[in-house]
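Undergrad: Pasting the sequence and the predicted coordinates here, then a few questions.
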Amino acid sequence: MSELEQKQLQLLRLSHELGDPARDLAILGEGNTSIRLSAERFLVKASGSSLGTLRSEDTVECLSEPLLELMNRADATDGDVDEALVKCRVNPSAKRPSVEALFHAYFLSLPGVHVVGHTHPVAINSILCSHRAAEFAENRIFPDEIVCCGPASVLVPYTDPGLWLGQAIKKKTDAYIQENQALPKVVLLESHGVITFGGTPEAVKAAMFMAVKAARIFTGAAALGGPVFLSKNTIDRISGRRDEHYRQAALTNAPHA
């Protein structure tokens, strides 16, 4: 099996897990996934295909450069976006990539990021479609949420899907990286969904599944008078513990530090 085939198989397996109806993360054509092939290329779900039933022919090999270039343009039009999505395909006869390939190209350009997952979980969107989205993004409720989802999530205000959403995601994520000198693990999109990413498919799943659990606990606690958040000292302590780093590496199939 070639390296491309191996990566494609990884992408299909991840997509099927995220698209499993029992998980309630995505239905119909919702959500997308991607995997890095090299510094210049990546595989991404084709527009309109379903995560749960994704096939090899529903993935598109894309060039990163045309999409990254577009992400830095303030004057781009809808026509420019359409042109870039066609131009970025390695195989001109391949299906059209999702317009959200734009933010996949951005995340896959970050150091250590090789896999990206995006879904629309009911549990998380129940919060992201409410006035308590920022409260959920900025705080942590239990230790494993810190381990798998990081000390805080990036929250992106609602933006129409497409280039402008991609640019808003980049702006907010870049600001998080500059402030914390570290990558986030979870990006939340108001009234839309969630993005997780990392070095392995397991890292994507760990952050995604734990974010969904956190959302359910948050909602349950809100019904009982309001969630009790962990203190900053507690969050910093758990974030810095070597045993938690070891456990995180085991959960995400990453090399142990």
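TA: The structure has been received and is ready for your questions. Numbers count the residues shown, from 1 in each chain.
Undergrad: which helix is the longest one in this protein?
TA: The helix spanning the most residues in the chain, taking DSSP state H as the definition, is helix 201-222.
Undergrad: State the next helix or strand along the chain beyond that one.
TA: helix 232-240 (DSSP states H and E).
Undergrad: what residues does that following helix touch?
TA: 140, 143, 146-147, 150-151, 244 (Cβ atoms under 8 Å, 6 or more residues apart in numbering). The way it works is simple: take the backbone N, C-alpha and C, and place the C-beta from them, glycine included.
Undergrad: Next, G117: secondary structure please.
TA: For G117, the assignment made with DSSP: H, G, I helix; E, B strand; the rest coil gives strand.
Undergrad: Tell me where the model's unsure across the stretch 51-200 of the chain.
TA: Along the stretch 51-200 of the chain, no part satisfies pLDDT under 70.
Undergrad: Centroid-nearest residue for the protein?
TA: In the chain, the residue lying closest to the centroid (Cα atoms, centre = their mean) is I195, at 2.2 Å.
Undergrad: for it, helix, strand, or coil?
TA: strand.
Undergrad: and I127, how many neighbours?
TA: 23 (other Cβ atoms under 10 Å).
Undergrad: Wait, a strand at it?
TA: No. According to three-state DSSP, I127 belongs to no strand; its state is helix.
Undergrad: and the nearest residue to C149 once chain neighbours are set aside, what does it touch?
TA: Counting by Cβ to Cβ, 6 or more residues apart in numbering, the nearest residue to C149 once its immediate chain neighbours are dropped is V186, at 4.8 Å. Going by Cβ under 8 Å, 6+ apart, V186 touches 149-150, 153-154, 194-196, 207, 211.
Undergrad: One more pass at 7 Å, please.
TA: The contact partners of V186, by Cβ atoms under 7 Å, 6 or more residues apart in numbering, come to 149-150, 153, 194, 196, 207, 211.
Undergrad: Likewise for S38?
TA: Applying Cβ under 7 Å, 6+ apart to S38 gives no contacts.
Undergrad: which of the contacts of V186 lies closest to L54?
TA: The nearest member of the contacts of V186 to L54, counting by Cβ to Cβ, is T196 at 17.4 Å.
Undergrad: re earlier: hmm, which two among the contacts of V186 are most spread apart?
TA: G150 and V194 (12.8 Å).
Undergrad: Comparing those two, which shows the higher neighbour count?
TA: Using other Cβ under 10 Å, the more surrounded residue of G150 and V194 is V194, with 26 against 23.
Undergrad: my guess is that one contacts V116, does it?
TA: No. In this structure V194 lies outside contact range of V116 using Cβ atoms under 7 Å: 11.4 Å.
Undergrad: Can you give me the end-to-end span of stretch 142-154?
TA: With Cα to Cα, to the nearest Å as the measure, the ends of stretch 142-154 fall 18 Å from one another.
Undergrad: Could you pull out the buried residues of that stretch?
TA: By neighbour count with 16 or more other Cβ atoms under 10 Å, stretch 142-154 contains the buried residues 142, 144-154.
Undergrad: Now tabulate those residues in TSV and tack on secondary structure and distance to G48.
TA: TSV is the format used below for the buried residues of stretch 142-154 (DSSP: H, G, I helix; E, B strand; the rest coil; distance: Cβ to Cβ, whole Å):
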residue	secondary structure	distance to G48
F142	coil	37
D144	helix	35
E145	helix	33
I146	helix	36
V147	helix	35
C148	helix	31
C149	helix	30
G150	coil	32
P151	coil	36
A152	coil	34
S153	coil	28
V154	strand	27
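Undergrad: which one of those residues sits closest to S126?
TA: For the buried residues of stretch 142-154, the closest approach to S126 (Cβ to Cβ) belongs to S153, at 15.5 Å.
Undergrad: Make sure that closest one is actually in contact with L188.
TA: Yes. With contact defined as Cβ under 7 Å, S153 counts as touching L188 (5.1 Å).
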